[in-house]
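# could you look at this predicted model? Sequence included:
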Amino acid sequence: MSKIAVVYWSGTGNTRSMADAVADGATKAGAEVKLIDASDFGPADVSSYKAFAFGCPAMGSEVLEESEFAPMWDQIKGSLNAKPVGLFGSYGWGGGEWMDSWKEDASGNGVNVISTVIANEAPDDTAISECEALGKALAG
């Protein structure tokens, strides 16, 4: 059985809804899934999982949340190696540029990003379906 970590930060609940959908998709595909708040995840946890989904909304001028999520991401991104990773989150302004920057940062640090999912504000049915598909892909 695949063991997957869904690590996220959510201010309004939108990214949490997406995290739940990723976890549901992975669970339905037979994986063991753990939902983890970004403040509770660090480098020592990476070796315990086969795959990861990281969720963070766009903050400020289209950046990752800076007090909890970004510091965690900066600590672990170099240790993910070839393990499959999905990135997801919501935004309320702009066009989702934070996800492009995040994916570029991940890829530049050797992260195996298999998929990204974004939602404008609260995730609609399409975004929820894409999150479930991400979870299923990580479980495979």
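Looks like it arrived, so ask away. Residues are numbered from 1 along each chain as shown.
# strands of this structure, start to end?
Taking DSSP state E as the criterion, the chain carries its strands at 3-8, 32-37, 51-55, 84-91, 112-120.
# show me which parts of the longest one are buried, residue by residue.
Along strand 112-120, these residues count as buried under the neighbour rule (16 or more other CB atoms under 10 Å): 113-120. Using the backbone N, CA and C atoms, a C-beta is placed for each residue, glycine as well.
# how much space between D125 and S90?
Counting by CB to CB, to the nearest Å, the gap from D125 to S90 is 14 Å.
# neighbour count winner among these two?
S90 (26 against 7; other CB atoms under 10 Å).
# just to check, that one is in contact with N14?
Yes. Assessed by CB atoms under 8 Å, S90 is found in contact with N14 at 3.9 Å.
# joint contacts of the two?
Residues touching both S90 and N14 (CB atoms under 8 Å, 6 or more residues apart in numbering) are 57, 119, 121-123.
# burial count for E97?
Here the count is done by other CB under 10 Å, and E97 has 13 residues near it.
# tell me, what's the model's pLDDT at it?
pLDDT recorded at E97 is 91.
# residues in contact with it?
E97 makes contact with 58, 62, according to CB under 8 Å, 6+ apart.
# what's the answer for S2, then?
By CB under 8 Å, 6+ apart, the residues touching S2 are 26, 30-32, 50-51, 138-140.
# mind running it again at 10 Å?
Shown in contact with S2 (CB atoms under 10 Å, 6 or more residues apart in numbering): 26, 29-33, 49-51, 84, 138-140.
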